[in-house]
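> Sequence and computational prediction follow.
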Amino acid sequence: MTGNAPTDEDLFAIAEQVWSSYLDLEGTSPLIQMPRTKPSSDVSASVSVTGAWRGHVVVSCTMPAARSAAAALLGIELDEATEDDVTDALGELANIIGGNVKSLMPEPSALSLPVVLVNGSPGWPSASEVCQLNGEWLGESVAVQVLESTNEKGA
Amino acid sequence: MIALVIDDSRAMRLILTRITGQLGFEVWQAGNGREALDLLEASDVVPAVALVDWNMPEMNGLEFVTAARSNPKYRTMTMMMVTTEGEQSQIVRALAAGAHEYVIKPFTPDAIEEKLALLGVSTNGATA
């Protein structure tokens, strides 16, 4: 990869901005950075970057965290959040985080529309991890991964 | 005064609707550029401002701005990109296509309000 690869700290700084702008407006329930572990994940949302840099940005979290995100973004009660709401909310989080990661990468490149998987996890065998954020929000696991394609034609 | 919010994310449309609604705008929503053009074509009224996402299915924000700018009917409509596309080259592309201002996600309500005020699009003043 050319240029300066983003670090775990860069990723956390981006996520913190997203949380303070949309998910933790009062500053009472911030995203807390945790040690690297294998996060538990019920929902994952990803965007792919193609161009001068090729890879994926993946946001994954537990279903309770996903429902909380949907409720916060949509301004609804937690028990009102449907699977469509969860898909929309996680997709937008991946889009925002992915777009900000893309801006740290070599240009020109393009961002895909988000893909959200509920009760499934995406797999990119031809990709290696650039950086990762393991976090906890409202006591639930939230993770963000940046993966670089190692395949000539993209992973 | 009308604000047209164009974003494929329902959550983002609601956030922008909340912000512009609190500023006193009547808000129209569209899920992509095509839907927005259809809304505009169906009305004799032209919104004061369009807040436009970039990455959307069917017709993206850049294509919408280009199409809207080429139609004299919408020449009074201020267009503000609200997007995750933060690279300088993308900002230049959007402004060259006819966007007047650019906000990068994530944003705060204050950022949207300040940009609208800078553009002279305010329910207290200027643009119709």
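Received, thanks.
> A:R36: how many residues sit nearby?
For A:R36, the tally of surrounding residues (other CB atoms under 10 Å in any protein chain shown) stands at 11. C-betas here are computed from N, CA, C, even on glycine.
> Oops, could you answer that again for A:E26 instead?
6.
> what does B:S70 give?
10.
> Next one: it from chain A, what distance?
Taking CB to the nearest CB, to the nearest Å as the measure, B:S70 and chain A are separated by 23 Å.
> Likewise for B:T76?
For B:T76 relative to chain A (CB to the nearest CB), the value is 30 Å.
> and what of B:P47?
Taking CB to the nearest CB, one finds B:P47 at 23 Å from chain A.
> go on, B:I19?
11 Å.
> Please identify the helix or strand for that residue.
helix B:10-22 (DSSP states H and E).
> how many degrees apart are the helix or strand just after that helix and helix B:10-22 in direction?
Of the helices and strands lying after helix B:10-22 in sequence (DSSP H and E), the nearest is strand B:26-30. Per axes from the mean of the first three to the mean of the last three CA atoms, to 10 degrees, the angle that strand B:26-30 makes with helix B:10-22 is 160 degrees.
> what helices or strands is the helix holding B:I19 leaning on?
Applying 3 or more CB pairs under 8 Å, 6 or more residues apart in numbering or on different chains; DSSP states H and E, we find helix B:10-22 packed against helix A:63-74, helix A:83-102, strand B:2-6, strand B:26-30, helix B:109-118.
> What residues of the second one count as buried?
Think helix A:83-102. Within helix A:83-102, the residues that count as buried by 16 or more other CB atoms under 10 Å in any protein chain shown are A:85-102.
> for stretch B:16-24, same thing?
Burial within stretch B:16-24, assessed by neighbour count using 16+ other CB under 10 Å, is assigned to B:L16, B:T17, B:I19, B:T20, B:L23.
> ok and the residue in chain A nearest chain B?
A:G99 (2.3 Å; CB to the nearest CB).
> For the closest residue to that residue other than its chain neighbours, list the residues it contacts.
Using CB to CB, 6 or more residues apart in numbering or on different chains and skipping residues adjacent in sequence, the residue nearest A:G99 is B:T84, 2.3 Å away. Counting by CB atoms under 8 Å, 6 or more residues apart in numbering or on different chains, B:T84 touches A:N95, A:I96, A:G98, A:G99, A:N100, A:K102, A:L111, B:W54, B:N55, B:I104, B:K105.
> before we move on, what about B:D44?
B:D44 makes no contacts at all, as judged by CB under 8 Å, 6+ apart.
> before we move on, what about A:S44?
For A:S44, the contact set (CB under 8 Å, 6+ apart) comprises A:V58, A:V59, A:S60, A:L90, A:V116, A:L117, A:G120, A:S121, A:P122.
> In the residues you listed, find the pair that's most separated.
A:V59 and A:G120 (14.2 Å; CB to CB).
> what about stretch A:11-24, near chain B?
Yes. Judged by CB under 8 Å from any CB of the partner chain, stretch A:11-24 and chain B are in contact via A:Q17, A:V18, A:S20, A:S21, A:Y22.
> now those as JSON lines including secondary structure, distance to A:P64 and pLDDT?
Below are the residues of stretch A:11-24 next to chain B laid out as JSON lines (DSSP: H, G, I helix; E, B strand; the rest coil; distance: CB to CB, whole Å; pLDDT from 0 to 100):
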{"residue": "A:Q17", "secondary structure": "helix", "distance to A:P64": "23", "pLDDT": "97"}
{"residue": "A:V18", "secondary structure": "helix", "distance to A:P64": "18", "pLDDT": "97"}
{"residue": "A:S20", "secondary structure": "helix", "distance to A:P64": "21", "pLDDT": "96"}
{"residue": "A:S21", "secondary structure": "helix", "distance to A:P64": "21", "pLDDT": "96"}
{"residue": "A:Y22", "secondary structure": "helix", "distance to A:P64": "18", "pLDDT": "96"}
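> now, among these, which is nearest to A:E129?
Checking the residues of stretch A:11-24 next to chain B against A:E129 with CB to CB, the nearest one is A:V18 at 20.3 Å.
> Let me know the helix or strand that the closest residue to the closest one other than its chain neighbours is in.
Using CB to CB, 6+ apart and skipping the chain neighbours, the partner closest in space to A:V18 is B:P106 (4.8 Å). Element membership of B:P106 [criterion: DSSP H and E] is none; it lies in no helix or strand.
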